[in-house]
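> after the sequence you'll find the predicted model.
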Amino acid sequence: MKKLTAVLVTIVALCTWVQAQDDANINPLNVARALSLKTPAYFEWRLSGNMLISNSFQRINMQFTMRKSDFGITNLVVNNEQIELPEPIYGIPLGDGGLMTGVYCNVVAKTAEDVYAGSGYLDRQSVSEGEQLVVKIRPADIRQDIPIDVSQYGNDISLKIEGLDSYGWSTSNGKFYIYLPPIGGKYHYTLRRQSDNTFIGEGWVEPFKDVIASDDAYLGVRYIGNVIGADFPNNDNAEDWIGVPHVEFNCTVPTTDGSNILGKVVFIDAKAGGLEVIASGSYWIYVQQATDNGDMPFLELKELTDTSGNQYVETRVRTIRMKAGKVVVTIIPKPDNLVQNPWVNFHRYYELPNIPSGGGSGSSGSGGGMG
C-alpha cells in the first residue's frame, strides 16, 4: 500500500447541467437558485482504472468522500479494503508509476441532510501525475406539481415535454409531479395513458421564470456559470460574518432588455436573519430570494454606502426585512468602479447594524444592467 499512495492527483468538481450541454446558454442566476435550494455539502466518489504499480498495470477501484468544507478526502476504500487515514488527504493515490489508464469517475453530490443534490461522471483515457480530474455534476432536478388528477391511472402514464431531453416524473396520492433541470424557459407538456395513448391532460411548466431582464495541493469545487457559494460558519440565531476574497466579475448576467452584463452571482443562506453585503468599490447590488415556486423576488435593500465624496468607496447594503432565508446576490460593477478583484463581506444580523455616516436612503436595487 505504500507504493499505492506514493503520488497524488488533484480532483476538481465542476458543476454543470449535463455533459453535452452548451455552457454558453446557462443563466448563472438559475444555477445559483438551484444550488441554494439544494446546496452540496459533500461529494461521494467512485473511481476506477488501471494503475501503473511496479511497472505493471493493476485494476484499481476506489470509493471515497470529499468534504466541501476543506475539500479533504475521507473514508477511502481501495479494492474493497478500507485505507486508514489519520487525517484527510487532498488528492487520490496514483501509484508509484504516476499513471492511470481507462479512468472512470462517478460522483454524487449530497446536502448536509444527505439529500441528493446532483451527480456526474467522467471518462478519461489516462491521468498522470500533476493532472486534474474535472467532473461535471448535474444539479438535482426541481420538483413541480402538475394540477392533474392521475389517481385512476397508477403508473400507466407517459409524459412528453417539448424542448427538453432530460426530465422525470412521479406520482403520489393521485398527484403528478415533474422533475425538471434548473434551466430557464417555458415548456409544454402532455400526459397520456401509456397502454393505449389516451389523452390525460396538458399544460405549461416553467422551471425558472426569468426574473431579471487552485493550488494543486488542494481539491476544489467550482460551479458552472462561475457562480460561487458562501457559507456562514455558525448556526442560525447567531450573528455571523464571512468574506469572499478576490472576487472576479465573470458571470454573464442576463438583463430585461435581452442583453448581458458581467457581474458576480453568489448564493448564501441568511436563515432567520437579515443580510448585509459590503464590497470595496462601486457596485449595483441585488438580493433575491430563492423559492420553490419558480419566482425569485427581489428583497428591498437599505442603501448604506458612504456618499460623502471620499476617494475610497465601499458599497454597503442590507435587507430591510429579517428571515431573508436562501438568497441569490448579484453584484455588478458600476462604470466608475476602480477596484479590481475586491473582497466582498457578507454579514448575517439579527439586530440592525450601525449605519455609517453619509449613508443613503432606501433602495430595492438601484439601476444598472438588471432592469
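Perfect, thanks for sending it.

> alpha carbons only for contacts and neighbour counts from here, please
Noted.

> helices along the chain, start to end?
28-37 (DSSP state H).

> just checking, Ser151 touches Ser170?
No - taking contacts as CA atoms under 8 Å, Ser151 lies outside contact range of Ser170: 12.0 Å.

> ok, now which ones touch Lys264?
Asn226, Val227, Val247, Glu248, Phe249, Asn250, Cys251, Thr330, Ile331, Ile332 (CA atoms under 8 Å, 6 or more residues apart in numbering).

> how does it look with 6 Å?
Phe249, Cys251, Thr330, Ile331 (CA atoms under 6 Å, 6 or more residues apart in numbering).

> with Asn345 instead?
Counting by CA under 6 Å, 6+ apart, Asn345 has contacts Ile242, Gly243, Val277, Ile278.

> so of the residues you listed, which ones are in strands?
Ile242, Gly243, Val277, Ile278 (DSSP state E).

> my read: the third one touches Phe346, true?
Yes - judged on CA atoms under 6 Å, Val277 makes contact with Phe346 at a distance of 4.9 Å.

> so which of the contacts of Lys264 comes closest to Asn75?
Using CA to CA, Cys251 comes nearest to Asn75 of these, at 34.8 Å.

> how much space separates the closest one from Lys302?
25 Å (CA to CA, to the nearest Å).

> so in terms of bridging, what pairs with Gly281?
Beta-bridge pairing of Gly281 under DSSP bridges involves Glu314.

> check contacts around it.
Contacts of Gly281 (CA under 6 Å, 6+ apart): Val313, Glu314, Asn337, Val339.

> dihedrals phi and psi, the third one?
The reference is to Asn337. phi -70, psi 130 (degrees, to the nearest 10).

> which ones are touching it?
Gly281, Ser282.

> where in the stretch 151-300 of the chain is pLDDT low?
For the stretch 151-300 of the chain, the stretches flagged by pLDDT under 70 are 182-185, 207-224, 294.

> now swap in the stretch 1-150 of the chain and tell me
1-26, 69-70, 136-139.

> 50 instead, please
1-7, 12-22, 24 (pLDDT under 50).

> tell me which stretches of it form strands.
8-15, 42-53, 56-67, 73-78, 81-82, 92-93, 99-110, 116-128, 132-139, 142-146 (DSSP state E, counting those that start in this stretch).

> return the list of helices and strands in contact with the longest one.
Contacting strand 116-128 under the criterion 3 or more CA pairs under 6 Å, 6 or more residues apart in numbering; DSSP states H and E are the following elements: strand 99-110, strand 132-139.

> OK, contacts around the residue nearest to Glu162 when sequence neighbours are not counted?
Closest residue in space to Glu162, ignoring its immediate chain neighbours: His188 at 5.6 Å, by CA to CA, 6 or more residues apart in numbering. His188 makes contact with Ile161, Glu162, Gly203, Trp204 under the criterion CA under 6 Å, 6+ apart.

> tell me the predicted confidence for Ala324.
On pLDDT, Ala324 comes in at 92.

> run through the residues that contact it.
Ala270, Gly274.

> just give me the neighbour total for the closest residue to Glu248 other than its chain neighbours.
Of all residues not flanking Glu248 in the chain, Asn341 sits nearest, at 5.4 Å (CA to CA, 6+ apart). Asn341: 13 surrounding residues under other CA atoms under 10 Å.

> what's the pLDDT at Asn341?
Asn341 is given a pLDDT of 86.

> select only the buried ones of the contacts of His188 in PyMOL?
In PyMOL, this line selects whichever of the contacts of His188 come out buried by 16 or more other CA atoms under 10 Å:
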select buried, resi 161
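
> restricted to buried residues, select the ones in strands among the contacts of Asn345 in PyMOL.
In PyMOL syntax, the buried subset of the ones in strands among the contacts of Asn345 is picked out as below (16+ other CA under 10 Å):
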select buried, resi 243+277+278
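
> how about the ones in strands among the contacts of Asn345 in JSON lines, adding distance to Gln125?
JSON lines is the format used below for the ones in strands among the contacts of Asn345 (distance: CA to CA, whole Å):
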{"residue": "Ile242", "distance to Gln125": "40"}
{"residue": "Gly243", "distance to Gln125": "39"}
{"residue": "Val277", "distance to Gln125": "45"}
{"residue": "Ile278", "distance to Gln125": "46"}
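
> if we can go back for a sec, just the ones of the contacts of Lys264 in strands?
Per DSSP E, the subset of those in strands is Cys251, Thr330, Ile331.

> what about Tyr104, neighbour count?
Neighbours of Tyr104 (other CA under 10 Å): 16.

> only alpha carbons, please: show stretch 168-187 as CSV.
The C-alpha trace of stretch 168-187 is given here as CSV (Å, rounded to 0.1, in the frame of the first residue of the first chain):
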residue,chain,number,x,y,z
GLY,A,168,-38.5,12.9,-14.8
TRP,A,169,-41.9,12.3,-13.1
SER,A,170,-43.5,10.6,-10.2
THR,A,171,-47.0,10.1,-8.6
SER,A,172,-48.1,10.3,-5.0
ASN,A,173,-51.7,10.1,-3.7
GLY,A,174,-53.1,10.8,-7.1
LYS,A,175,-50.9,13.8,-7.7
PHE,A,176,-48.5,14.1,-10.6
TYR,A,177,-45.0,15.7,-10.2
ILE,A,178,-42.5,16.7,-12.9
TYR,A,179,-38.8,16.9,-12.2
LEU,A,180,-37.1,19.5,-14.3
PRO,A,181,-33.4,20.5,-14.7
PRO,A,182,-32.8,24.0,-13.3
ILE,A,183,-33.0,25.9,-16.6
GLY,A,184,-35.0,28.9,-17.8
GLY,A,185,-37.8,28.9,-20.3
LYS,A,186,-41.4,27.7,-20.6
TYR,A,187,-42.2,24.2,-21.9
